[in-house]
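> Take a look and give me a structure for this.
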Amino acid sequence: MTYKPAISSMSLGRAWVHKLPYKLDQARAYNLTGIEIFFEDLEYLAREESGISADEEPSPEAQLHAAKTIRKLCAERGLEIIGLQPFMHYEGLLDREEHARKIEKMKTWFKIAKVLKTDIIQIPASFLGKDKITGDLDVVVSDLQKVADMGLQESPVIRFAYEDLCWSTYFDTWEKGWDIVEKVDRPNFGMCLDTYNIAGRVYGDPAAASGKTPNADEDMRKTLEELVKKVDVKKIFYIQVVDAEKMRNPLVEGHAFYAADQPARMSWSRNARLFAFEEGGYLPVLDVARSIIEGLGYKGWVSMELFSRTMNEAGDEVPKAHARRAWEAWKKLEKEMNSWKLK
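Below is the predicted model of the structure:
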């Protein structure tokens, strides 16, 4: 594999607003060849097929049936399922009974992944409060080794892509995420690197008037130099390329996106991401992408993952527009990658 363009099913619109078959139609119509299946889409479809209400949790059997439907829909459209995500709030739980329930849930996810014919499950770094999770590395690493070892027993082996989120409680930078990967030290445990989460932590600050951290440019240069030096490209299972809007006003109390129970970067992420190269974006997405692709020599899936307030808007135009925008972003990135090869 060299490079293939993909998109998250969530990026095409919210599950309760936009039907999955139509979203997949648009991904295919705009030449995207891979899809990240967001569990919310699978869960919503399982409810539809089971005839249960939105507040009921579908049974594992219903989830597996929905997975079969999704696999068929994707196969009909020539879409490869690159991963299932996100397995939320797993590592470091203080409530060990909840931890045990998560382990049981993971066993169902293994079955779902096999039906979907993917070998990747993505685990985002938890952003639960400190009253619910610990930052104790020994506990966190042990928890992640547990699922990695479980995945090694599967056939085919299940791989885990750990993703640091720029608002995660303890592991909010690529450096901390990479440290976790090294300490877990399992062949099937790697990373998903996201340009938004890398740049959104080191360079961007939506709560600042400038939209930037105090030493944004210099810190960004240094962190990308370190990334190229330290990260083993074999541990990057896929990447996501995405930007974000620069806030006209600081994202603090009184801002339309402000939520008292969310870090500013989380509210920013949920409402104001952009596809790469779009007007209004300002993060050094291209610098991050170049460090990963050219600096590390990454080859593989490039996913255009978006979270935005526009995903909640009704109408067929939303998935269509998002697929088109993702494809346009991919073509611009592809052009940049070709220019790197020529230099």
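
> what ranges do the helices span in this protein?
20-29, 39-50, 60-76, 96-116, 137-152, 174-184, 195-202, 216-230, 264-272, 285-290, 317-342 (DSSP state H).

> what's the fourth one packed up against?
The elements that helix 96-116 packs onto, with contact taken as 3 or more Cβ pairs under 8 Å, 6 or more residues apart in numbering; DSSP states H and E, are helix 60-76, strand 80-85, strand 120-124, helix 137-152. Quick note: C-beta positions are derived from backbone N, CA and C, even for glycine.

> And the contacts of that helix?
37, 42, 60, 63-64, 67-68, 70-71, 74, 81, 84, 87, 89-90, 93, 119-121, 143, 146-147, 150-151, 154, 158 (Cβ atoms under 8 Å, 6 or more residues apart in numbering).

> Pull out the buried residues from it.
99, 102, 106, 109-110, 112-116 (16 or more other Cβ atoms under 10 Å).

> Can you list the low-confidence ranges for this structure?
1, 342-343 (pLDDT under 70).

> returning to what we had before: so which of the helices of the chain is the most packed in?
helix 195-202 (a mean of 26; mean count of other Cβ atoms under 10 Å).

> Count the neighbours of the residue nearest to Leu227 when sequence neighbours are not counted for me.
Closest residue to Leu227 apart from its sequence neighbours, by Cβ to Cβ, 6 or more residues apart in numbering: Ser291 at 5.6 Å. For Ser291, the neighbour count with other Cβ atoms under 10 Å is 23.

> can you tell me which residues contact Ser291?
Ser291 sits in contact with 224, 227-228, where contact means Cβ under 8 Å, 6+ apart.

> Apart from its chain neighbours, what residue comes closest to Phe307?
That would be Arg273: by Cβ to Cβ, 6+ apart, it lies 5.0 Å from Phe307.

> And that neighbour, how far from Thr108?
Per Cβ to Cβ, to the nearest Å, Arg273 is found 29 Å from Thr108.

> Could I get the contacting residues of the nearest residue to Arg77 once chain neighbours are set aside?
Excluding the flanking residues, the one nearest Arg77 by Cβ to Cβ, 6+ apart is Arg28, at 4.1 Å. Residues near Arg28 by Cβ under 8 Å, 6+ apart: 77-79.

> Out of those residues, which end up buried?
77, 79.

> Redo the helices of the chain as JSON lines? Include distance to Ser126.
Formatted as JSON lines, the helices of the chain follow (distance: least, Cβ to Cβ, whole Å):
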{"stretch": "helix 20-29", "distance to Ser126": "27"}
{"stretch": "helix 39-50", "distance to Ser126": "16"}
{"stretch": "helix 60-76", "distance to Ser126": "22"}
{"stretch": "helix 96-116", "distance to Ser126": "11"}
{"stretch": "helix 137-152", "distance to Ser126": "9"}
{"stretch": "helix 174-184", "distance to Ser126": "11"}
{"stretch": "helix 195-202", "distance to Ser126": "14"}
{"stretch": "helix 216-230", "distance to Ser126": "22"}
{"stretch": "helix 264-272", "distance to Ser126": "12"}
{"stretch": "helix 285-290", "distance to Ser126": "23"}
{"stretch": "helix 317-342", "distance to Ser126": "27"}
